[in-house]
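Q: Any chance you can model this:
(chains A and B)
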Amino acid sequence: MTEPSTSSPRVALLVTCLVDLVRPSVGFAAVKLLEEAGCIVEVPLQTCCGQPAYNSGERDKARLVARTMLDAFEGYDHVVAPSGSCAGMVIKHYPDLFEGTPDAARARNLADRTFELTRYLVEQRGVTDLAAGLDATITYHDSCSCLREAGTREQPRALLGSLDGLTLNEARDREVCCGFGGTFAAKYPAISTAMATDKADRMEETGAEIAVAADMGCLLNIAGILKRRGSKMQVRHVAEILAGDTQTPAIGEGEG
Amino acid sequence: MTVHHLTSRDFKAKSTAALEDAVLQGNLVKLKDNFLARRTKAKESLPEFEDLRDASVVIKKHTIAHLDFYLEAFEAAVTASGGRVHWARDDTEARAIVLDICKQENAKTVTKGKTMVGEEIGINPFLEAHGMTPIETDLGEYIIQLAKEPPSHIIAPAIHKNRQQVAALFNEHHPHLEHRGDDDVDGMLADARTVLREQFLKADVGITGANFLIAETGQTVIVTNEGNGDLTQLLPRVHIALAGIEKVVPTLEDTMTIMRVLARSATGQEMSSYTTFSAGGRRKGDLDGPEAFHVVLLDNGRSKLLGSPTEDILRCIRCGCCLNACPVYGKIGGHAYGSTYSGPVGAVLTPSLAGLSEAHHLPNASSLCGRCEEVCPMRIPIPKMLRHFREEEVASGKAPATARRGIALWAWFASRPGLYRAMTSLGTDMLSRFGRKRGRFSSLPMAGAWTATRDLASPQGSSFQSQWAKRSKS
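A: Just a heads-up that it's a prediction; the model follows:
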């Protein structure tokens, strides 16, 4: 862990394709949190980290897409993603993906500058106390990539703990996969659904009103199960909770 | 006895059936709550656990890098203590070696301690076909032998059976003994003891596996919790230990180091109840022990892994911890894999040893959550290897064409950021017009695999990037 910086770093937001396409409010929440932490935030034109191809055994295609990200994030002090999955792809897998190619050094350099949002706020910006408050009980799902690739476990809990009125009810099996797994959900839907159903059960049995996580993939999956069975439990991204945005309809819920 | 033909080709059908098997689902929950929770406790109460993992990895890496040297040293040490080492290139050779030894003994009854290599080479049906009676003596193995099923877990072979099913099996197969009620676990245990004791005394040959082969001393080592291994190898005239070549370690001290992570990772025990060292047959003055001691070393594709992207799987000590941690195994159990080795380690070993076309489902049926690698005492990078097989499948042209076309189309767009932003913005705009009011879709063309069981959240509106671009301009 490096010393929290007092200067204003130039930070590029790695939006992530799911936030970009499905839930821009998470992106705006992330920008707000970063700006309040003293960062100068920019959003370079970008697409996807390349993970769908990488995990499908398509290294060439993954590199093709990932190279555009190397270009997009050139020159920024830090690159921050509201996702352990996309951050983890850059941090853990880009060095492997580009090993032995002319871009190897650039990939390692980008990996060193890239962070998952909550970890970045706590460890790089020294954020301990957030202005937002939320009178609600939540439960938090640890995404696999946050835990095992991006180094995020306690940081979101520390930030959530600073919100006035918020209660965190921890779920059983909170560190067990929700069954999303990218293309896994499409290739093996029966197993994926069974895992997601267990996850939704564990989160509901905490009695919390809101299910929270740091990755849109997990959140879409968990919301998909909960909404299909008519659950009243809301599903929201941790960035929205931390930025005080609970006005936006929760994931999978309408405007009406 | 009929034997299930093991195949991973119908993984999808088998896993779907497993998800609907209420007994299996109940048992799998218990497995998770028992083994993995105890492993966590054991790890937390041993401050040097992580260091021991590191040390174990170093030992195994070193051994695998010098496998030929240590295997030959092991053979020399076994020979020096009066035993004999046999080298089996594949399952056929291994079966022939075992049969040959059994025939020389005129063996009728062959007791067996738990051996996954025995499963790998299909030794039981082979011996039966040659007129012998193999008897499994590990309780779990005995149960599934009665049920004519393969093991569904490396260390808990009958984990898919509940006590009611076991009672039914025992009542069917032990007609000479008292009828047992569903909850009479002690009675069933007593019955197993009664039946097996007779077999132990009758056995001509005893076959066990080996957790370790010690190059320094020529000993084979097994760890058990029932003591059946001891009776299997001490009472008959001949003891045959079956082991994969990757089981060798240099010294007794190395064995002790790895043993400290083995039981903790497997069952959360500090040590298994029994740890048995075998060093040759009975010597002059020994009160007991077999007259002859044979070790069958099985390659069966393992040496091909040396220097390959999956070499690290040779470090595996078969503790079963990755199965206990795996959320996929935890939902479908072991039989769905259709392979001797199931779970994460099976998803690497099976395509490594049996070929990818037989086992292509196994490396794909993973969310790559990484929990297996997190708990593996040998720190085997299983997700990386699963990804490797997916790459091999693509490279060999065997990956499904529709999926490949989809990825290719997506990659074409995603490598053109300007076009991508324009197109995706149009797409999200359109979808959100249909879905925003309700917030989700219950069905959507091309997303049937998802929407069959899950709603799909609607995009909020324009993409983030197009909104950001507008915001920056204003």
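Q: Run a quick neighbour tally on residue 192.
A: I'll assume chain A. Residue A:192: 27 surrounding residues under other CB atoms under 10 Å in any protein chain shown. Yep, even glycine has a C-beta here, placed from its N, CA and C like the rest.
Q: switch to chain B, that's the one I care about
A: Residue B:192: 20 surrounding residues under other CB under 10 Å.
Q: Same check on residue B:472?
A: Residue B:472 has 9 neighbouring residues, counting by other CB under 10 Å.
Q: what's the spacing between it and residue A:42?
A: Distance of residue B:472 to residue A:42, given as CB to CB, to the nearest Å: 9 Å.
Q: tell me, what residue is most central in chain B?
A: residue B:341 (3.7 Å; CA atoms, centre = their mean).
Q: what secondary structure does that residue sit in?
A: Using DSSP: H, G, I helix; E, B strand; the rest coil, the structure places residue B:341 in coil.
Q: and the one residue sitting closest to the centre of chain A, what does it touch?
A: By CA atoms, centre = their mean, the mean C-alpha position of chain A lies nearest to residue A:83, the distance being 1.8 Å. Under the criterion of CB atoms under 8 Å, 6 or more residues apart in numbering or on different chains, the contact list for residue A:83 reads A:14, A:16, A:18, A:19, A:116, A:117, A:145, A:214, A:215, A:216, A:217.
Q: okay but the fourth one is in contact with residue A:215, surely?
A: No - Residue A:19 lies out of contact with residue A:215 (CB atoms under 8 Å); the separation is 9.8 Å.
Q: So for these two, which sits in the more crowded spot?
A: It is residue A:215, of residue A:19 and residue A:215, that has more neighbours when counted by other CB under 10 Å, with 32 against 28.
Q: Can you name the next helix or strand after the helix or strand of chain A at the bottom of the mean pLDDT ranking?
A: The helix or strand of chain A with the poorest confidence is helix A:183-187; it has a mean of 94 (mean pLDDT, DSSP states H and E). As assigned by DSSP states H and E, the chain's next helix or strand after helix A:183-187 is helix A:189-204.
Q: So which elements touch that following helix?
A: Identification of packing neighbours for helix A:189-204 by 3 or more CB pairs under 8 Å, 6 or more residues apart in numbering or on different chains; DSSP states H and E yields strand A:137-141, helix A:216-228, helix B:11-19, helix B:329-332.
Q: change it to 6 Å
A: On a contact count with 3 or more CB pairs under 6 Å, 6 or more residues apart in numbering or on different chains; DSSP states H and E, helix A:189-204 meets helix A:216-228, helix B:11-19, helix B:329-332.
Q: The contacts of residue A:83: which ones sit near chain B?
A: residue A:19 (CB under 6 Å from any CB of the partner chain).
Q: burial measure for residue B:111, as a count.
A: Residue B:111 has 26 neighbours, counted by other CB under 10 Å.
Q: tell me the SS of it?
A: strand.
Q: hang on, isn't it packed against residue B:204?
A: No - taking CB atoms under 6 Å as the definition, residue B:111 is not a contact partner of residue B:204, at 8.9 Å.
Q: so which of the helices and strands packed on helix A:189-204 comes closest to residue B:434?
A: Closest of the helices and strands packed on helix A:189-204 to residue B:434 is helix A:216-228, at 16.1 Å (criterion: CB to CB).
Q: Just the buried residues of the helix or strand containing residue B:61, please?
A: Element membership of residue B:61, judged by DSSP H and E, is helix B:49-65. By 16 or more other CB atoms under 10 Å in any protein chain shown, the buried positions in helix B:49-65 come out as B:49, B:52, B:53, B:55, B:56, B:57, B:59, B:60, B:61, B:63, B:64.
Q: which outside residues touch the least confident helix or strand of chain A?
A: Contact partners of helix A:183-187, identified using CB atoms under 6 Å, 6 or more residues apart in numbering or on different chains, comprise A:56, A:192, B:367, B:449.
Q: Grab the nearest non-local neighbour of the third one.
A: Closest residue to residue B:367 in three dimensions, ignoring its sequence neighbours and counting by CB to CB, 6 or more residues apart in numbering or on different chains: residue A:181, at 2.6 Å.
Q: re earlier: name the nearest of the contacts of helix A:183-187 relative to residue B:79.
A: Once CB to CB is applied, the member of the contacts of helix A:183-187 that ends up nearest residue B:79 is residue B:367, at 48.2 Å.
Q: just to revisit the earlier point, so the residue nearest to the centre of chain B sits right up against residue B:348, yeah?
A: No - judged on CB under 6 Å, residue B:341 makes no contact with residue B:348 at a distance of 8.6 Å.
Q: Check which element follows the helix or strand where residue B:198 lies along the chain.
A: Using DSSP H and E, residue B:198 sits in helix B:185-202. Per DSSP H and E, the first helix or strand lying C-terminal to helix B:185-202 is strand B:205-208.
Q: packing partners for the helix or strand that that following strand is followed by?
A: Downstream of strand B:205-208, the first helix or strand assigned by DSSP H and E is strand B:212-214. The contact analysis (3+ CB pairs under 6 Å, 6+ apart) places strand B:212-214 against helix B:252-266.
Q: for the stretch 301-450 of chain B, what spans make up the strands?
A: B:440-441 (DSSP state E, counting those that start in this stretch).
Q: ok, which stretches of it are helices?
A: Taking DSSP state H, counting those that start in this stretch as the test, the helices found in the stretch 301-450 of chain B are B:302-305, B:321-325, B:329-332, B:343-354, B:356-359, B:361-364, B:371-375, B:382-395, B:401-414, B:417-435, B:448-451.
Q: So which of those helices is nearest chain A?
A: Among the helices of the stretch 301-450 of chain B, helix B:382-395 comes nearest to chain A, with 3.1 Å by CB to the nearest CB.
Q: Now do that closest one and helix B:401-414, the angle between them.
A: 100 degrees (axes from the mean of the first three to the mean of the last three CA atoms, to 10 degrees).
Q: how about the residues of chain B near chain A?
A: Going by CB under 6 Å from any CB, the residues of chain B near chain A are B:15-16, B:19, B:327-328, B:331, B:365, B:367, B:369-370, B:374, B:390-391, B:393-394, B:407, B:411, B:414-415, B:417, B:420, B:424, B:428, B:437-440, B:449, B:453-455, B:457, B:459-460, B:463-465, B:467-468.
Q: Just the buried subset of these, written out for ChimeraX, thanks.
A: Selection command for ChimeraX covering only the buried members of the residues of chain B next to chain A, criterion 16+ other CB under 10 Å:
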select /B:15,16,19,327,328,331,365,367,369,370,374,390,391,393,394,407,411,414,415,417,420,424,428,438,439,440,449,453,454,455,457,459,460,463,464,465,467,468
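Q: Tell me the helix or strand right after the helix holding residue B:61.
A: Downstream of helix B:49-65, the next assigned helix or strand under DSSP H and E is helix B:67-80.
Q: And for the helix or strand following that next one, what's in contact with it?
A: For helix B:67-80, the following helix or strand on the C-terminal side (DSSP H and E) is strand B:84-88. Contact with strand B:84-88 is made by B:75, B:78, B:94, B:97, B:294, B:295, B:296, B:297, B:298, as judged by CB under 6 Å, 6+ apart.
Q: One more pass at 8 Å, please.
A: Residues from elsewhere that reach strand B:84-88 (CB under 8 Å, 6+ apart): B:74-75, B:78-79, B:94, B:97, B:121, B:292-300.
Q: strands paired with that strand, and their directions?
A: Paired with strand B:84-88 in the same sheet, following DSSP bridges, are strand B:292-298 (parallel).
Q: The contacts of residue A:83 in helices, which ones?
A: Among the contacts of residue A:83, DSSP state H puts A:18, A:19, A:117, A:145, A:216, A:217 in helices.
Q: Break chain B down into its domains, please.
A: Domain ranges of chain B: B:20-303, B:401-473, per automatic domain parsing.
Q: Least confident of these, on average?
A: Of all those, mean pLDDT reaches its minimum on domain B:401-473 (a mean of 93).
Q: tell me how far the ends of that domain are from each other?
A: When the termini of domain B:401-473 are compared using CA to CA, to the nearest Å, they are 43 Å apart.
Q: State which one residue of the stretch 1-150 of chain A is found closest to chain B.
A: For the stretch 1-150 of chain A, CB to the nearest CB, closest residue to chain B: residue A:57, 3.1 Å.
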